[in-house]
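[1] coords please:
(one chain, ligands or ions: 1)
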Amino acid sequence: MIKPDGVQRNLIGKIISRLEDKGLKLVAIKFLRLTKEQAAEHYREHAGKEFYERLISLITSAPVVAMVWEGKNAVFIVRKLMGATDPAQADAGSIRGLYGMSMGRNIIHGADSVDSARREISIYFRPEELVSYEKTL
Ligand code: CMP
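    Numbers count the residues shown, from 1 in each chain. Okay, the predicted model is just below:
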C-alpha cells in the first residue's frame, strides 16, 4: 500500500515503477481513502501500542493506493524493495531509504507474511477484483 504520505508526495508512479522494474506482476490496484474500520482491521496487531492512534490517524488522513503484486517470494522481495520500517535505518537505495523521513511517515506498507497478505488483501478487494493473467512481453 502506498500510504497517504507517499500519495501526497507524488510518489505513486516511482513506487509502482520500482515494483514493475523488479519483475513483480500487478494483479489488483485501487485508489481509496481508508475508513477508520478498515484501518483498525488492517493494523489490529498494533492496537493498544503507544503509536496506534497516530498510525490510524495518519493512514486515514488522505487517499492510499492499495495493490496486490504477485511473484515468486513476492512478500520477501517487496520488503527488500521497501527497506526497514524506520526510514532512518532503511538501506539508502530502498523506497523508504530514499523517500522516507520518519517511522510514521514511511511512505509504503507491505504485508510481512503470506498470511498477512491474504488477510490484508481481503480488507480491500473482493476475490474477483484480482486479475489473473500471463505476462507475454
Ligand atoms: P507499516 O509497515 O505501515 O506497519 C505498521 C506501521 O506502524 C509502520 O509501518 C509505521 O509507520 C508505524 N510504526 C511502527 N512503529 C512505530 C513507532 N514506534 N512510532 C510510530 N509509528 C510506528
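
[2] Tell me where this protein has helices.
    Using DSSP state H, the helices assigned to the chain run over residues 4-8, 12-22, 36-42, 52-59, 74-82, 95-99, 114-124.

[3] can I get the ones you listed in JSON lines with mean pLDDT and mean neighbour count?
    Any C-beta I mention is one placed from the backbone N, CA and C, and that applies to glycine too. Output for those, formatted as JSON lines (pLDDT from 0 to 100; neighbours: other C-beta atoms under 10 Å):
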{"stretch": "helix 4-8", "mean pLDDT": "98", "mean neighbour count": "19"}
{"stretch": "helix 12-22", "mean pLDDT": "98", "mean neighbour count": "15"}
{"stretch": "helix 36-42", "mean pLDDT": "98", "mean neighbour count": "16"}
{"stretch": "helix 52-59", "mean pLDDT": "98", "mean neighbour count": "16"}
{"stretch": "helix 74-82", "mean pLDDT": "98", "mean neighbour count": "18"}
{"stretch": "helix 95-99", "mean pLDDT": "98", "mean neighbour count": "20"}
{"stretch": "helix 114-124", "mean pLDDT": "98", "mean neighbour count": "14"}
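
[4] Distance to residue 133 added to these, as TSV?
    Shown next, in TSV, are the helices of the chain (distance: least, C-beta to C-beta, whole Å):
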stretch	distance to residue 133
helix 4-8	26
helix 12-22	14
helix 36-42	27
helix 52-59	30
helix 74-82	16
helix 95-99	25
helix 114-124	17
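
[5] Minimum distance to the ligand: which of these has it?
    When the helices of the chain are ranked by proximity to the ligand, the top entry is helix 52-59, at 4.7 Å, counting by C-beta to the nearest ligand atom.

[6] Any residue of that closest one touching the ligand?
    Yes - using C-beta under 6 Å from any ligand atom, helix 52-59 reaches the ligand at residue 55.

[7] who's in contact with that helix?
    Residues outside helix 52-59 that contact it (C-beta atoms under 8 Å, 6 or more residues apart in numbering): 3, 4, 5, 34, 36, 39, 40, 42, 43, 46, 104, 105.

[8] Distance of residue 102 relative to residue 32?
    The spacing between residue 102 and residue 32, counted by C-beta to C-beta, to the nearest Å, is 24 Å.
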